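Asks: what follows is a predicted structure for the sequence shown.
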Amino acid sequence: MSASPIVSGNATAQPSHLDATADIPREVGLTDAEATRVRSLLAREPNPLEWAMFGAMWSEHCAYKHSKRLLRTLPTTGARVAVGPGENAGAVDLGDGLLCVFKAESHNHPSAVEPFQGAATGVGGILRDIFAMGARPVAVLNALFFGPPDLPRTRRLVSSVVGGISFYGNCVGIPDVGGHVSFEPCYADNPLVNAMCVGIVKKEDLRSAASARPGSAVYLVGSDTGRDGIAGASLLASFELGAQDDTKRPSVQVGNPFVEKLLLEATLELVEQDAVEAVQDLGAAGLTCASSEVAAKSGTGMRIDVELVPRRASGMAPFEVMLSESQERMLVIARPGRERDVERVFEHWGLHGVRIGEVTSEPVLEIRDGETVVASLPPAALAEDAPEYDISKWARAPFDEADAGASRSAWGGAPAASFASRAVQAGEARGAERSPGGDLQGGELQKAGLLLLETLGSARVASRRVLYRTYDQMVGTDTVVGPGGDAAVMRLKGRPDGIAIAIDAQPAIARHDPFLGAACAVAEATRNLVCMGAEPLAITDCLNLGNPEKPEGAWQLERTVAGISAACDALGLPVVSGNVSLYNATRGADIWPTATIGAVGKLADVAHHIRVTTGRAGDLVLLAGSALARDHGAPVAIDLALEARLQKLVLAAHGASLVRAAHDRAEGGLAIALAELALRDGIGIRATLPSLRGVGRRDALFGEGPSGIVLVVAPEHEAALRALAATNDVPLWTLGAVGGDLLEIAPLLALPVEALRRAYDGGLPEALGRASGSRAER
Amino acid sequence: MRVAILRYPGTWSERDFAHAFSVLGVEHEIVWHEDADLRRFDAAVVPGGFTYGDYLRAGAIAKLSPATAELRRAADEGMPILASCNGFQIVCEAGLLPGALVRNTGLEFRCDWVTMRVESDATPFTAGALGELLRMPIAHGEGCWVADPRTLARVEDEGLVALRYVDARGSATPEGNPNGSLGNIAGVRNPQGNVVGLMPHPERCVEPLLGGSDGIRMLGWLAASARPALSTIS
Amino acid sequence: MNFTATIHVRPKDEVRDPQGEAVAGALRSLGLDIADVRTGKEIVVRFSAVDRASAAREAERMGDQLLANPVIEDFSVELG
Amino acid sequence: MNFTATIHVRPKDEVRDPQGEAVAGALRSLGLDIADVRTGKEIVVRFSAVDRASAAREAERMGDQLLANPVIEDFSVELG
Ligand SMILES: Nc1ncnc2c1ncn2[C@@H]1O[C@H](COP(=O)(O)OP(=O)(O)O)[C@@H](O)[C@H]1O
Ligand SMILES: [Mg+2]
């Protein structure tokens, strides 16, 4: 568990009662200055319940205190943007009346405490964000970050986290179509669980939390409210367990995907019948957050009677009801006169839905306990008036340029290089510096084949199939390409077009240079879309970082956001939604800055995507873009302008039907990209490496760097491709041709594709020691 | 031909079946389990999903639905009924088909493509396909078909095995078996042949765009009256 | 009157129990000398009934009609 | 020596038990007057150990290290 003040309520507790004599503002996690701000906003002293509501709503998780200023600098507009950040999820316009709604979110702390339930409820939360918009979820993806795979703890975490995702998503019936998995030491005690959901909605069915109108009835529907994770996401959670009465403890949130499925169907039915004017899911800070946000965004007030809230536990105090984070609950605002219809839909689906209050015109959130008014607050004060901290005031790079060596991270390894981001800022890409050991010497040369098998079978590179085969990838019958390709491809029933989805992160680069890592993640996610022939439309970002109150943490956050901005600007992409998770640390050391980027793209003709194939014997294999690459984790500058030209080239080539296959050069470099290409259909490739001054053969084989796509084209299309590459000013190297049953990279290695298969397929189960006992028994 | 597609709380393949039938040109309607009156229909599908969250045992709570009596009546009257995935679990729980489905031997949910051999063509869903190999997706965590030795012997002796998992070479080996089912049994039928249950998902493979179209072998006959629609699929 | 019934549900001896097999394997890997493992369920129901005799009948019915699948499972009832 | 241990695993009292909720609903639909239902597991292990004391220790270890998830479940051991 992290030492952060923002920890999940799973591990920590809320005072069993709010003692008016204690220093309540501090007890609920507010600083003295924040307490002063509350008092001046209200012009009075809040009561304990009101303090608790402020504590929850002004927590980092709910209020984005340390990130809001920065997030405002992200590009969020564009012709395609239908809904930008601020709603439950963002949306892009697919044309012809359909919107694509999507968002990524973290569930890191709950997953550290109870990985199975934490991951499961993470999926549940992101699904609710999507269907709260009136959209039907059509796909989920996940990005997972664990410690080294040989640690028993990591193995248990992998089983539990993947088990939780599989348990929840499969039950609700949403296909899991892609993801990302990293194994790095910084995540050993603080795994990251990021989930993304994509939904589709007709324009007229889009719902907003901002459209509640005075006089409308407010319903709470779904699971009964218990003492689950009370104020878990807020600073209230800074209390130690143990001191109190056991029965008053907040308990681990347990997900019930069956209720989620009912909620999903009921909500969509209500939207279809146009019986509701606003819908809001209950997440962090539960009813407090949902009610104040709806009221604040709608410019109204709301009256809620906690006595009417159905409860699972007896003796719950109003603050427990208001702050409970029980899963699978929604706030539904009925259209006036449609209350019976709303209730009928709840009944049909066997859901417990109760009218707990109404929307009011005066902007006051009034909480009653029967006849007694127990809290009365301006919703905007709760939802919008939290302080914003300008972290640039204390942000400081961990090294200065003269002393790059000082930035060795807590995990050892290569010195950080700050040159890369400066190169990007200056708009000039610089050549990769020679990494030590960049060349293969004598004996090593003969070992190139072994090195390839080792890399291909390493946890970093090997096939994730053992994980994703436990997810239903096909339910919904829209999955054209599921996990295993560069990006997922989904059709839209009844239309010729389709979407592509990818999720990626580059923590090993961000560790040295958060700007570069974030920019590379945006570039990789969108490049993966392009490898399927899809034009990127927009991204969602899920930022996972350490402590923003420390100079280095603040700097990392700043640089991460700047990296996303720069990449989005260069690629012409908006950010439509996102999430920030701070205070992630392992044994006191912050995790590497981890920007998970989810990207959505469009295919004009879904049947005409770039296939996940090796190609045919005789096809040519080429490398387009940049050939610069270095050891894993050693940053290579990204030339964002080249990245944009490369993506444009591949889309243009695909538009002209020149591309048989494409694959992004990612983990493990060019040799691995060729191996993965050969593995698709089990056909060999015979290639030679492009010779580049200053690039050793080891780097040429296994070096990693952005902006490289391996293309397979029929020989008769080579000239046309070359012409396009020239027009777009993208370097292109011919590597070789498809054919035979060996992967041959002359003169360094020649391996049977069958041997590659064994390494690639068997690598992850072996790394995770899957033969032996795991807590599989759930 | 008009097909009822049953929907229980937690069902999720009903929309996929509806889409598949639209593609095949089969008239169909999604029917809420509590209102199920199958007399209006010529055939019925009990689709996949996680009815009642699969709590207790997959299909156990759904069998208490009023739809069970209706399914039994329709089955007795000879109505063709196809039960896939969770539907298979429900009809086994309800006693319409022999055996039961328990946790996969690997204890993991498994989504993949499998190959099955048609072992009985005495059902409308497999008529004329004896010995054929069908490739279809699976997606289940409790698809291991089990029975006590007596029941198993009866199922084998009376030719009630409708489909068997096979490997790439067409043999019913452990490698071909995704979930540990006894005798590699993927699907069974009732003695009359009108009720067929299977774990795989024929509705997920009626369009080549989605990776295969062997589901047409199983569902296509329902479109007999609308054959022309079939030729437009490709 | 209020009663608590515990219904124990176990796989029949002759029926395969994949979960038990997997648990046996996992326990062996902890270094234990396992002959075999069978996994069952234990369902604790708090309910009311007119008297003890009908409570017993009702608990029996729960096992019969829902909690156990007679094709593969046996059950027993403990009425507290 | 051969032993049989029954390890009972139950969700902690304050932890939500969705399976129990679903079973309660189903039993109600059978016309029973149900207050609540909690569902647990019962794992019967036949194993050998040098003596009774170490058998008890080993059974405890099974619950601890594999069968129960200490964050949300409690377990108890019965050594037959
Ligand atoms: N946790 C996961 N869940 C589902 N699919 C995953 C997961 N991790 C990776 N994948 C899939 O495996 C394939 C390879 O992943 P990755 O190596 O990250 O690809 P890339 O380098 O192209 O981003 C992709 O199709 C990806 O979607
Ligand atoms: Mg890729």
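Replies: That came through, no problem. Ligands and ions are numbered 1, 2, ... in the order given.

Asks: tell me which element the residue of chain C most remote from its centre is part of?
Replies: What lies farthest from the middle of chain C is C:Gly31; by Cα atoms, centre = their mean that is 27.7 Å. Using DSSP states H and E, C:Gly31 sits in no helix or strand.

Asks: sheet partners, orientation included, of the biggest strand by length in chain C?
Replies: For chain C, the strand with the greatest residue count under DSSP state E is strand C:33-48. When pairs are called by DSSP bridges, strand C:33-48 turns out to pair with strand C:2-11 (antiparallel), strand D:33-48 (antiparallel).

Asks: quick one on the thing from earlier: residues contacting the residue farthest from the centre of chain C?
Replies: Contacts for C:Gly31 (Cβ atoms under 8 Å, 6 or more residues apart in numbering or on different chains) come out as none. All C-beta atoms are positioned from the backbone trio N, CA, C, and that covers glycine.

Asks: so where's chain C uncertain?
Replies: Residue ranges of chain C with pLDDT under 70: none are present.

Asks: spatially central residue in it, please.
Replies: So for chain C, Cα atoms, centre = their mean, it's C:Val9, sitting 1.8 Å from the centre.

Asks: partner residues bridging it?
Replies: Beta-bridge partners, per DSSP bridges, of C:Val9: C:Lys41, C:Phe75.

Asks: any regions of chain A where pLDDT drops low?
Replies: Residues of chain A that meet the cut-off, pLDDT under 70, sit at A:1-22, A:231-250, A:400-446, A:771-778.

Asks: looking at it, which residue is nearest chain D?
Replies: A:Asn256 (3.8 Å; Cβ to the nearest Cβ).

Asks: ditto for chain B
Replies: Closest point on chain B to chain D, by Cβ to the nearest Cβ, is B:Tyr55, at 4.0 Å.

Asks: kindly provide the distance from that residue to B:Phe109.
Replies: Distance of B:Tyr55 to B:Phe109, given as Cβ to Cβ, to the nearest Å: 15 Å.

Asks: count of residues packed around A:Gly370?
Replies: A count of neighbours around A:Gly370, defined by other Cβ atoms under 10 Å in any protein chain shown, yields 9.

Asks: chain neighbours aside, what residue packs nearest to the residue of chain A closest to chain D?
Replies: The spatial neighbour of A:Asn256 that comes closest, neighbours along the chain excluded (Cβ to Cβ, 6 or more residues apart in numbering or on different chains), is D:Pro18 at 3.8 Å.

Asks: same thing with A:Gly684?
Replies: Nearest residue to A:Gly684, sequence neighbours excluded (Cβ to Cβ, 6+ apart): A:Gly740, at 3.8 Å.

Asks: strands of chain B, residue ranges please.
Replies: Counting by DSSP E, the strands of chain B are B:2-7, B:27-32, B:43-46, B:81-84, B:100-102, B:110-118, B:133-140, B:144-146, B:161-166, B:185-189, B:195-198.

Asks: same check on the stretch 251-400 of chain A?
Replies: Secondary structure of the stretch 251-400 of chain A (DSSP state E, counting those that start in this stretch): strands located at A:276-281, A:301-305, A:329-334, A:353-360, A:365-369, A:372-377.
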